[in-house]
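[1] based on what follows, work out the 3D shape:
(one chain, ligands or ions: 2)
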Amino acid sequence: MPRLACITFLALASALFSLLQQVAAQGCNATSLCPSTAPCCSEYGFCGSGTYCLGGCEPLHSYKPTSCRPDPICVSGETSFTDLSRVQQNATAYNGNATAYDWVVNTGSLVADPNGQGARLILTQNNSGTKISSTRYIHYGSIDFVLETSKWAGVVTAAITMSDVKDEIDWEWPGATTDAVQTNFWYLGIANYSATQGASIGVSSDTSSNFHTYTFDWHEDYLNWMIDGNVVRTLFKTDTLSDDGSHYKYPSTPSRIQLSIWPAGTSASAQGTIDWAGGYINWSDEDYTTNGYFWNTIQSVKVSCEQAQNTTAGTTGWAYGGNDSTGVPIVTTTNASILLSAGETTITPLSTSLRLSVVLSLLGGVALLGGVALF
Ligand SMILES: *[C@@H]1O[C@H](CO)[C@@H](O)[C@H](O)[C@H]1NC(C)=O
Ligand SMILES: *[C@@H]1O[C@H](CO)[C@@H](O)[C@H](O)[C@H]1NC(C)=O
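    Residues are numbered from 1 along each chain as shown. Ligands and ions are numbered 1, 2, ... in the order given. Next up, the predicted model:
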């Protein structure tokens, strides 16, 4: 190549590369761990560094379990969402300091409730909904959510716990149903649509226009779902024994607390999901056209940690050490830093095949040699 053309090409290719970094990252799963150059598997299953190594980082799909920062240890306390100073609204600016923030906005945004009762998580036609996560984890204890739900067909409100290995406990309010709530739980994200897993529970007054307190009272041996202080469902660990009798399919790993509003009733969803959420979203609904968004309202979240799980003064969090012989993740406390190091940037490299195919299609055949050399 002539020198000028070569320089132009390299500049173009490098600009393209930084653009592409934001478009698609390398995937990770149980059989395809992340490389050392992008060691952390995010909760969405993509390899990267920086913020990819914080909350939700999948330790068993990462380069090493310790590639992920530890899960910050539980601290009891209450967040009132009338004050958003403890909410980091720019997730890319978060460096893992769970003392500075109690919550991170993962996607979407919050607005103050016009009635001063808390904050609204909002759903627009363009934002794919809003999700916030606690910066700290809880490993048994209780969580009180005080909230009003959304009330529109196809729109779902959720208040859940979610661990890095996808143990999950749910409250979910699908669609226009405002007289009931669905309870559910998952062990390592394994789908099991048996009648014993999900359960709908009646609520005493309209969930979209009354604040109720929805509680997970989560212990090593049992889990209570409670509404306004009354136990409405109990799950005993002993009732979750696997078919081969080797382990319990019971949520038992440290978990973040997450709140969300999300669009289930769209053509992007499976028909079963659309039906579950009460049909398609009506974007011409007067509430939407008047406000510019659909919403739910979060008043407060109160966490009471079950202590002391082998914690000492220096304990920073929980870390994973692989699986035991029955496939159950091993979790221990650790003193390792929960912070990203200063200047640690978020890098999300493309997978090799995608890099090549995109370069080829965009720059034409001449890019092949330069592309291979450059990337
Ligand atoms: C979010 O934080 C990143 C990293 O610090 C910064 O570059 C970006 O401008 C911030 N975005 C907003 C909207 O403040
Ligand atoms: C973490 O945040 C707290 C509270 O804002 C602050 O006092 C502390 O210096 C921060 N730690 C680091 C290492 O940035």
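
[2] partner strands of the lengthiest strand in the chain, parallel or antiparallel?
    Looking across the chain with DSSP state E, the single longest strand is strand 294-305. Strand pairing for strand 294-305, using DSSP bridges, gives strand 77-80 (antiparallel), strand 119-123 (antiparallel), strand 141-148 (antiparallel).

[3] how about the residues of the protein near ligand 2?
    97, 99, 100, 339 (C-beta under 6 Å from any ligand atom). C-beta coordinates here come from the backbone N, C-alpha and C atoms, glycine included.

[4] of those residues, buried ones?
    For those, a burial check counting by 16 or more other C-beta atoms under 10 Å picks out residue 339.

[5] secondary structure added to the residues of the chain next to ligand 2, as a markdown table?
    Below are these laid out as a markdown table (DSSP: H, G, I helix; E, B strand; the rest coil):
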| residue | secondary structure |
| --- | --- |
| 97 | coil |
| 99 | coil |
| 100 | coil |
| 339 | coil |
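
[6] about what we covered before: for residue 109, find the nearest of the strands paired with strand 294-305.
    strand 119-123 (6.2 Å; C-beta to C-beta).

[7] quick one: the closest one to chain centroid distance?
    16 Å (C-alpha atoms, centre = their mean, to the nearest Å).

[8] again, but for stretch 29-41
    18 Å.

[9] ok, stretch 296-311 next?
    17 Å.

[10] following the helix or strand where residue 173 lies, which helix or strand comes up?
    Assigned by DSSP states H and E, residue 173 belongs to strand 168-174. Going down the chain from strand 168-174, the next helix or strand is strand 180-186, by DSSP H and E.

[11] buried residues, that next one. List them.
    181, 182, 183, 184, 185, 186.

[12] now stretch 79-95: buried residues?
    Quick answer for stretch 79-95 (16+ other C-beta under 10 Å): 79, 80, 81, 84, 87, 88, 91, 94, 95.

[13] hang on, the fifth one packs against residue 111?
    No - contact between residue 87 and residue 111 fails when scored by C-beta atoms under 8 Å: they sit 12.0 Å apart.

[14] mutual contacts of those two, please.
    Applying C-beta atoms under 8 Å, 6 or more residues apart in numbering, one finds that residue 87 and residue 111 are jointly contacted by residue 119.

[15] follow-up on the earlier one: and the strand holding residue 173, C-alpha only, in CSV?
    Once non-C-alpha atoms are left out, strand 168-174 reads as follows in CSV (Å, rounded to 0.1, in the frame of the first residue of the first chain):
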residue,chain,number,x,y,z
GLU,A,168,-32.9,-15.5,42.3
ILE,A,169,-35.9,-14.6,44.5
ASP,A,170,-38.8,-12.7,42.9
TRP,A,171,-41.7,-10.4,43.4
GLU,A,172,-43.2,-9.6,40.0
TRP,A,173,-46.2,-7.6,39.0
PRO,A,174,-47.1,-8.3,35.3
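
[16] follow-up on the earlier one: so of the buried residues of stretch 79-95, which ones are in strands?
    Short answer: the buried residues of stretch 79-95 in strands (DSSP E) are 79, 80, 87, 88.

[17] show me what contacts the first one?
    For residue 79, the residues meeting the contact criterion (C-beta under 8 Å, 6+ apart) are 86, 87, 102, 103, 300, 301, 302.

[18] at 10 Å instead, please
    86-87, 102-103, 118-119, 134, 257, 298-303 (C-beta atoms under 10 Å, 6 or more residues apart in numbering).

[19] could you do the last one as well?
    Contact criterion C-beta under 10 Å, 6+ apart gives 94, 95, 97, 100, 101, 102, 103, 104, 105, 132, 135 as the residues in contact with residue 88.

[20] once you drop chain neighbours, what's closest to it?
    residue 101 (4.1 Å; C-beta to C-beta, 6 or more residues apart in numbering).

[21] wait, isn't residue 259 in contact with residue 107?
    No - with contacts counted by C-beta atoms under 10 Å, residue 259 stays clear of residue 107, the gap being 12.0 Å.

[22] looking at the two, which is more packed in?
    A direct count of neighbours by other C-beta atoms under 10 Å for residue 259 and residue 107 places residue 259 higher, at 24 against 13.
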